[in-house]
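Participant: need a structure here:
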Amino acid sequence: TTDFLIFSRPTATTRQPIVLLDFVNGVAEQVKTDPCWGNNRKLTCTISAQTTVLFDSNQLRQIFWNLLINSSQAAPDGGEITISSHPSPNSNKQQIIIVEDDGPGLDRNLLEKALEPFFTTRSAGTGLGLAVVTQLLHKNGGSINLQPGTKRGLRVLLTVEKANG
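Facilitator: Below is the predicted model:
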């Protein structure tokens, strides 16, 4: 329901500097209370404590919530999710955030389609999670790219603006 409301009635964007590591850790603690998270899941976050991005905090919270819930649902019996970040090699004003899971992943021919509204591979999914992520990133001047994971699973690359870039 939340994703549908966000997608159909987007709110105004108020961008502000956000210390990424503290922010991600806070969202992760909230997500771990969701029944979808489960007990056999490991979350590893390797983001520099100095990394600061320019983003709307409520919208960034929704992005990480959707990505972490998607990752946990992709591997319901547990697994590992990693979140990392590094400066963009293409622009000193951008930061790349990577959220990667070790679930089953997606066929290469479905990666682009997965960002479209109402696309889902789950019988109970709405197909709005990644569409909302894409919409909120665009509203904040960012972008998203899906790739196969480095070992297996899905690798989500978010390109956002640095606050100090």
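Participant: Next one: Ile96 from Arg155, what distance?
Facilitator: 11 Å (CB to CB, to the nearest Å). Glycine gets a C-beta too; all of them are placed from N, C-alpha and C.
Participant: ah, wrong one, I meant Pro76
Facilitator: 19 Å.
Participant: Compare those two (neighbour count), which wins?
Facilitator: Ranked by neighbour count (other CB atoms under 10 Å), Pro76 and Arg155 place Arg155 first, with 18 against 12.
Participant: my guess is the more buried one is in a helix, correct?
Facilitator: No - Arg155: not assigned to a helix; according to DSSP: H, G, I helix; E, B strand; the rest coil it is strand.
Participant: now the strands: where do they sit in the protein?
Facilitator: Assigned by DSSP state E, the chain shows strands spanning 16-19, 41-46, 52-55, 79-87, 94-101, 143-148, 154-161.
Participant: Other residues contacting the second one?
Facilitator: Outside of strand 41-46, the residues within contact range by CB atoms under 8 Å, 6 or more residues apart in numbering are 21, 24-25, 28, 32, 68, 72, 75, 78-85.
Participant: just the longest one next, same as before
Facilitator: Counting by CB under 8 Å, 6+ apart, the neighbours of strand 79-87 from elsewhere in the structure are 20, 24, 28, 40-48, 51, 68, 71-72, 94-103, 153, 162.
Participant: How about the contacts made by Asp101?
Facilitator: The contact partners of Asp101, by CB under 8 Å, 6+ apart, come to Ser71, Ser72, Ala74, Ala75, Gly79, Glu80, Ile81, Thr82, Gly149, Gly153, Leu154.
Participant: Columns neighbour count on top of these, output as CSV?
Facilitator: Formatted as CSV, the contacts of Asp101 follow (neighbours: other CB atoms under 10 Å):
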residue, neighbour count
Ser71, 27
Ser72, 23
Ala74, 19
Ala75, 20
Gly79, 19
Glu80, 16
Ile81, 25
Thr82, 19
Gly149, 17
Gly153, 21
Leu154, 23
